[in-house]
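>>> Take a look and give me a structure for this.
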Amino acid sequence: QVQLVESGGGLVQAGGSLRLSCAASGRDFSMDAMGWFRQAPGKDREFVAVISWNGGTRYYGDSVKGRFTVSRDNAKSTVYLEMNSLKPEDTAVYYCASSMRATSRSDRIYDYWGQGTQVTVSS
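Below is the predicted model:
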């Protein structure tokens, strides 16, 4: 069974930090691009970050650039999202996803999705 399982979400004060993890299982994800997206209540899903299979390419959404860092450990089949200088507007459910096709900002090309982890930033 293919699974992506996010963890590390929680409640944090503005200015604080969190590190999200996404553990992949059920198939070999080492050649996949791995992305992070988020969705706040009443809003569309938003691209956050993506990392290519070998970490050589990374893209970030404009709203998180300079504050968030995406990384991966293929030996552990895990991708991470380090989030610093958090703001109340970062509050959302965060999802990881995998793509066999491209390192992309578009959620349309992702093949597998996790169930999400809630991040809440208080002011």
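
>>> V12 - that's part of a helix, no?
No: looking at V12 with DSSP: H, G, I helix; E, B strand; the rest coil, it is strand, so not inside a helix.

>>> That one against L18, yeah?
Yes: judged on Cβ atoms under 8 Å, V12 makes contact with L18 at a distance of 5.6 Å. (Each C-beta comes from the backbone N, C-alpha and C, glycine too.)

>>> With neighbour numbers in mind, choose between these two.
A count of neighbours by other Cβ atoms under 10 Å puts L18 above the other of V12 and L18, at 21 against 17.

>>> on that earlier part again, now the common contact residues for V12 and L18.
Both V12 and L18 are contacted by L86, V119, under the criterion Cβ atoms under 8 Å, 6 or more residues apart in numbering.

>>> can you list contacts of stretch 41-58?
So stretch 41-58 is contacted by 30-40, 59-61, 63-64, 68-72, 74, 79, 81, 92, 94-95, 103-107 (Cβ under 8 Å, 6+ apart).

>>> center of this structure - which residue?
W36 (2.5 Å; Cα atoms, centre = their mean).

>>> Could you find the closest non-adjacent residue to it?
V48 (4.2 Å; Cβ to Cβ, 6 or more residues apart in numbering).

>>> Give me the below-cutoff pLDDT ranges for the chain.
Counting by pLDDT under 70, not a single residue of the chain qualifies.

>>> where does R108 land in three-state SS?
helix.

>>> any idea how far D90 is from it?
Per Cβ to Cβ, to the nearest Å, R108 is found 24 Å from D90.

>>> Looking at those two, which has the bigger crowd around it?
Looking at R108 and D90 with other Cβ under 10 Å, you find the greater number of neighbours at D90, namely 22 against 7.

>>> Do you have the strands of this protein handy? List them.
Taking DSSP state E as the test, the strands found in the chain are 3-7, 10-13, 18-25, 33-39, 46-51, 58-60, 68-73, 78-83, 92-99, 112-113, 117-122.

>>> Name every strand pairing with the fifth one and say which way it goes.
Take DSSP bridges as the rule and strand 46-51 pairs in its sheet with strand 33-39 (antiparallel), strand 58-60 (antiparallel).

>>> related to what we said a few turns ago, against V79, how distant is the residue nearest to W36?
V48 is 12 Å from V79, by Cβ to Cβ.
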